[in-house]
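Need coordinates for the following:
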Amino acid sequence: MTFHEMWAELLPIGRSSASGGYRRFAWTAADAECRAWFEAQARARGLACEVDRNGNQWAWLGDPAEGDAVVTGSHLDSVPDGGAFDGPLGVVSSFAALDELRARGAEFAKPFAIVNFGDEEGARFGLACVGSRLAAGQLTREQAHRLTDGDGVTLARAMEAAGYDPDAIGPDPERLGRIGAFVELHVEQGRALDLSGDSVGVASAIWPHGRWRFDFRGEANHAGTTRLVDRRDPMLSYAETVLAARREAELAGAVATFGKIAVEPNGVNAIPSLVRGWLDSRAADQESLDTVVGGIEKAAREYADKHGIALDVVRESFTPVVEFDHALRDELARILGRDEDRGLTVPVLGTGAGHDAGILSGSIPTAMLFVRNPTGVSHSPAEYAAEDDCLAGVTALADVLEGLVCR
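Below you'll find the predicted structure:
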């Protein structure tokens, strides 16, 4: 099956007819369909399929027990109404790269695997990279069991309903210890490659980033009869904090986004008693990120005090700066840079987006390839990569894998 055929087969799964975006959330029917697609692709290529204790899917060529395995892949889940490329491009490209290597007659000298990490986006339970965090020991079983979705369903209950054992989840050092290198291909979430005119790039680092929950607690009251001077309206403090986040991010050359909000009692004619907003912030270095988030919290507390609002701020997740393995990164650049006949260049660039490769970087050598995104739009139905660039990514990934895993 060609790249185009695989892409067309995967494209309809979890797609919203209303928005055109994707709703492939962890442990849902759409997630199950994606998993079935992955297994079918693996078995069609004679790969041995398994699901680890944390719900991550693996498709093996060779015996993983031999160690020093080379692994590639990404994820198949999405953010709410996300695009088609974020995650799936890496998985489809991995199968296509394997096909390319076989067409070249490549002989594999090490075990090889393609992986689909579960719940990378964190769209349902609010924490990104759950599958890889569990495997790397960055999320405990107890912490995972406390995660709930918007309907109050726990991650444990959702896993169990999907046929998996939530009590088995946890660190997987033995499995990770068998891996010598992990290379993840991903659509670029930005326009650096478009601006440089390159189809493919190599990642240098992931910016430090995190998610913070701001709970503004006021007093519910009647919207039509309560004088403005008598109100304790948490929405005012929240709105002012959103504007403060933009100012602080601009000053530091960083990014800060309030992209999710929950309001109680959520009535048109009621002053809210609670406004809960989630902040996502990222910066090129830790000092800048601390400055941004600290400035936002300071402003939020000042606004809350002014309006008689109680404020709680909780850091729900955090990932420090990730410098990808320098030796592996340089090897990727060397492998790709020597193909002068195709004029393939390999710019090295950083990113503000988090990935499973970043989570695993503390346990095993990891690296990333990016494929050009002509608009830079991501986490949106408008996310896009041209087929020629996607195929260039497949070739680049095949070249890298050949250099790492073949004789």
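
which non-adjacent residue is nearest residue 104?
Excluding its sequence neighbours, the residue lying closest to residue 104 (Cβ to Cβ, 6 or more residues apart in numbering) is residue 402, at 7.2 Å. Any C-beta I mention is one placed from the backbone N, CA and C, and that applies to glycine too.

helix, strand or coil for that neighbour?
Using DSSP: H, G, I helix; E, B strand; the rest coil, the three-state assignment for residue 402 comes out as helix.

Provide a list of residues in contact with it.
If a contact means Cβ atoms under 8 Å, 6 or more residues apart in numbering, then residue 402 has 101, 104, 106, 335 as its contacts.

pLDDT at it, what is it?
Model confidence at residue 402, given as pLDDT, is 97.

Of the contacts of residue 402, which is the most crowded?
Each of these was scored for neighbours by other Cβ atoms under 10 Å, and residue 101 scores highest at 21 neighbours.

That one contacts residue 398, correct?
Yes: A contact is recorded between residue 101 and residue 398 when judged using Cβ atoms under 8 Å, the distance being 5.5 Å.

List the contacts of stretch 107-115.
The set of residues external to stretch 107-115 that reach it, using Cβ under 8 Å, 6+ apart, is 42, 47, 56-64, 66-74, 91, 94-95, 98, 101, 178, 180, 182, 401, 404-407.

Just the ones of those residues in strands?
Of these, the ones assigned to strands by DSSP state E are 57-61, 69-74, 180, 182.

Now do the end-to-end distance for stretch 300-319.
With Cα to Cα, to the nearest Å as the measure, the first residue of stretch 300-319 is 23 Å from its last.

Same question for stretch 152-170.
Stretch 152-170 has its terminal residues 22 Å apart, counting by Cα to Cα.

for that stretch, which positions count as buried?
In terms of neighbour count (16 or more other Cβ atoms under 10 Å), stretch 152-170 has its buried residues at 154, 155, 156, 158, 159, 162, 164, 166, 169.

Which one of those residues is nearest to residue 208?
Using Cβ to Cβ, residue 155 is the member of the buried residues of stretch 152-170 that sits closest to residue 208, with 25.1 Å.

re the thing from before, tabulate the ones in strands among the contacts of stretch 107-115 in JSON lines, adding columns for distance to residue 143, neighbour count and pLDDT.
Putting the ones in strands among the contacts of stretch 107-115 into JSON lines (distance: Cβ to Cβ, whole Å; neighbours: other Cβ atoms under 10 Å; pLDDT from 0 to 100) gives the following:
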{"residue": "57", "distance to residue 143": "22", "neighbour count": "24", "pLDDT": "98"}
{"residue": "58", "distance to residue 143": "24", "neighbour count": "22", "pLDDT": "98"}
{"residue": "59", "distance to residue 143": "28", "neighbour count": "26", "pLDDT": "98"}
{"residue": "60", "distance to residue 143": "29", "neighbour count": "18", "pLDDT": "98"}
{"residue": "61", "distance to residue 143": "34", "neighbour count": "22", "pLDDT": "97"}
{"residue": "69", "distance to residue 143": "28", "neighbour count": "24", "pLDDT": "98"}
{"residue": "70", "distance to residue 143": "31", "neighbour count": "23", "pLDDT": "98"}
{"residue": "71", "distance to residue 143": "25", "neighbour count": "27", "pLDDT": "98"}
{"residue": "72", "distance to residue 143": "28", "neighbour count": "28", "pLDDT": "98"}
{"residue": "73", "distance to residue 143": "25", "neighbour count": "27", "pLDDT": "98"}
{"residue": "74", "distance to residue 143": "24", "neighbour count": "26", "pLDDT": "98"}
{"residue": "180", "distance to residue 143": "29", "neighbour count": "17", "pLDDT": "97"}
{"residue": "182", "distance to residue 143": "23", "neighbour count": "26", "pLDDT": "98"}
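
In those residues, find the pair that's most separated.
Across the ones in strands among the contacts of stretch 107-115, the two members that end up farthest from each other (Cβ to Cβ) are 57 and 180, 20.0 Å apart.

Name the single longest helix found in this structure.
When every helix of the chain is counted residue by residue (DSSP state H), the longest turns out to be helix 286-307.

where exactly do the helices run in the stretch 101-250 of the chain?
When secondary structure is read from DSSP state H, counting those that start in this stretch, the stretch 101-250 of the chain shows helices at 130-136, 141-145, 155-161, 173-177, 192-196, 234-252.

Just give the nearest non-adjacent residue to residue 66, would you?
residue 111 (5.4 Å).

so where's this protein uncertain?
Per-residue confidence of the chain (counting by pLDDT under 70) places the weak regions at 338-345, 407.

domain assignment for it?
The domain map for the chain lists 3-207+321-405, 209-319, with the assignment taken from automatic domain parsing.

Specify the residue positioned farthest from the middle of this structure.
The C-alpha centroid of the chain is most remote from residue 225, which lies 45.7 Å away (Cα atoms, centre = their mean).

Tell me how far it lies from residue 273.
Relative to residue 273, residue 225 is positioned 16 Å away (criterion: Cβ to Cβ, to the nearest Å).

So residue 193 is in contact with residue 370, correct?
Yes: under the criterion of Cβ under 8 Å, residue 193 is in contact with residue 370, at a separation of 6.3 Å.

any common contacting residues for the two?
When contacts are counted by Cβ under 8 Å, 6+ apart, residue 193 and residue 370 have 200, 201, 349 as shared neighbours.

measure the second one to residue 185 for me?
Meaning residue 201. According to Cβ to Cβ, residue 201 and residue 185 sit 11 Å apart.

nearest spatial neighbour of residue 160, skipping sequence neighbours?
Nearest residue to residue 160 in three dimensions, chain neighbours excluded: residue 166, at 5.6 Å (Cβ to Cβ, 6+ apart).

again with residue 329
Spatial nearest neighbour of residue 329, excluding adjacent residues (Cβ to Cβ, 6+ apart): residue 367 at 5.2 Å.

How about the contacts made by the one you found?
Each residue near residue 367 by Cβ under 8 Å, 6+ apart is listed here: 181, 182, 183, 184, 202, 203, 324, 325, 328, 329, 332, 357.

neighbours around the first one, how many?
Other residues within reach of residue 181 by the criterion other Cβ under 10 Å amount to 23.
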